[in-house]
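A.B. asks: Return atomic coordinates for the entry below.
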Amino acid sequence: MEVIRPTDAEAIRLAKTLVRSARFGAIAVLEPKTGAPLASRVGVATDLDGTPLILISGLAAHTQAIAADPRCSLLVGEPGKGDALAHPRLTLVCRAERLERGTVDGDRAKRRYLNRNPKGKLYADLGDFAFFRLEIERASLNGGFGKAFLLTRGDIIVEEAVNDELAASEQSALDHMNEDHLDAIAIYARHFAKASGDNWTLSGFDADGMDLVSGDDTRRVFFPQPLKTAQDLRIALVEMAKTGRAAEAGQN
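C.D. replies: The predicted model follows:
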């Protein structure tokens, strides 16, 4: 019996969903003195291309470990009711890369991380804290019993030219939607994410889709087609709102 299934579009979308919707994960590192594995919990967000972002203290054992050896892995995927092993999870094999304060990459990581984890503002600017990108090398997806897949970096990371365009305009688009179009965001949540409630806001855009938050709940919504230019974002948002409204009107 073959344990590993061929990687298909459904597996890739599930893996991307697990990464993009994660608020935290379990990071595993190697202790410098012993070489023994050490696991800890970290807050998680993603960069525009899908790379996990973490904010960690230099006093933490896992930070000292990746300073000595950047090899690490990150487990994401929250268990729900019943058997925890019946719920999907994803293990990412990564190399940690520290981002310097005041750089383009560092400022973008801070902005996107705090959009997802606003409580991080309490310590993001403390001198011993730093942001890291966890550069994905490969991944292992367990989608539930009998659903195991091996994924490459290219399966998860979206390396498109539009990323730089979106980075420049993303925050203004988020602010505009969250201030003026909460009704549309509620439609994205209800119709596309199958989520309940109206207290949803947007925490991020990228070429593949958007991330929604409501308190501690997070949802991932994919665009019908990946964005090719930053201008495509508005078109996609308008069309999705129209689609959602039409579907809800047809149910009434």
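A.B. asks: Show residues contacting stretch 114-123.
C.D. replies: 23, 43-46, 55, 57, 113, 124, 129, 174, 203-204, 211, 213, 218 (CB atoms under 8 Å, 6 or more residues apart in numbering). Every residue, glycine included, has its C-beta placed from N, CA and C.
A.B. asks: Name the SS class of residue 134, please.
C.D. replies: State at residue 134, reduced to three classes by DSSP: H, G, I helix; E, B strand; the rest coil: strand.
A.B. asks: doesn't residue 92 make contact with it?
C.D. replies: Yes. Contact criterion CB atoms under 8 Å: residue 134 and residue 92 qualify, at 6.7 Å.
A.B. asks: Common neighbours of these two, please.
C.D. replies: Joint contacts of residue 134 and residue 92 (CB under 8 Å, 6+ apart) are 52, 74.
A.B. asks: for the stretch 1-150 of the chain, what spans make up the helices?
C.D. replies: 9-20, 61-68, 104-116 (DSSP state H, counting those that start in this stretch).
A.B. asks: Dump the first one to CSV, keeping only the CA atoms.
C.D. replies: In CSV, the C-alpha atoms belonging to helix 9-20 read as follows (Å, rounded to 0.1, in the frame of the first residue of the first chain):
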residue,chain,number,x,y,z
ALA,A,9,-4.5,20.8,-6.6
GLU,A,10,-6.7,20.0,-3.6
ALA,A,11,-3.7,19.1,-1.5
ILE,A,12,-1.8,22.2,-2.5
ARG,A,13,-4.8,24.4,-1.7
LEU,A,14,-5.2,22.7,1.7
ALA,A,15,-1.6,23.3,2.5
LYS,A,16,-1.8,26.9,1.6
THR,A,17,-4.9,27.3,3.6
LEU,A,18,-3.2,25.9,6.7
VAL,A,19,-0.2,28.2,6.4
ARG,A,20,-2.2,31.3,5.6
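A.B. asks: gap between the two ends of stretch 220-237?
C.D. replies: 14 Å (CA to CA, to the nearest Å).
A.B. asks: and that stretch, which residues are buried?
C.D. replies: Within stretch 220-237, the residues scored as buried using 16 or more other CB atoms under 10 Å are 220, 221, 223, 227, 230, 232, 233, 236, 237.
A.B. asks: beta partners for the residue nearest to residue 91 when sequence neighbours are not counted?
C.D. replies: Nearest-residue entry for residue 91: residue 140, 4.6 Å, with adjacent residues in sequence omitted and distances by CB to CB, 6 or more residues apart in numbering. Note on residue 140: beta-bridge partners residue 91, residue 150, judged by DSSP bridges.
A.B. asks: could I have stretch 94-104 exported to CSV, CA atoms only?
C.D. replies: Extracted in CSV, the C-alpha atoms of stretch 94-104 (Å, rounded to 0.1, in the frame of the first residue of the first chain):
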residue,chain,number,x,y,z
CYS,A,94,12.6,25.6,6.8
ARG,A,95,15.6,27.7,7.3
ALA,A,96,15.2,30.7,9.6
GLU,A,97,16.3,34.1,8.2
ARG,A,98,16.4,37.1,10.6
LEU,A,99,15.0,40.4,9.2
GLU,A,100,16.6,43.6,10.2
ARG,A,101,14.7,46.5,11.6
GLY,A,102,14.2,49.4,9.2
THR,A,103,14.7,47.4,6.0
VAL,A,104,12.0,47.0,3.4
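A.B. asks: Wait, residue 143 touches residue 14, no?
C.D. replies: Yes. At 5.7 Å, residue 143 counts as touching residue 14 under the criterion of CB under 8 Å.
A.B. asks: Give me the common contacts of those two.
C.D. replies: residue 88.
A.B. asks: if we can go back for a sec, so which of the helices of the stretch 1-150 of the chain gets nearest residue 29?
C.D. replies: When the helices of the stretch 1-150 of the chain are compared by CB to CB, helix 61-68 sits nearest residue 29, at 3.8 Å.
A.B. asks: dump the residue contacts of the residue nearest to residue 91.
C.D. replies: Neighbours of residue 140 in contact, by CB under 8 Å, 6+ apart: 90, 91, 93, 148, 149, 150, 151.
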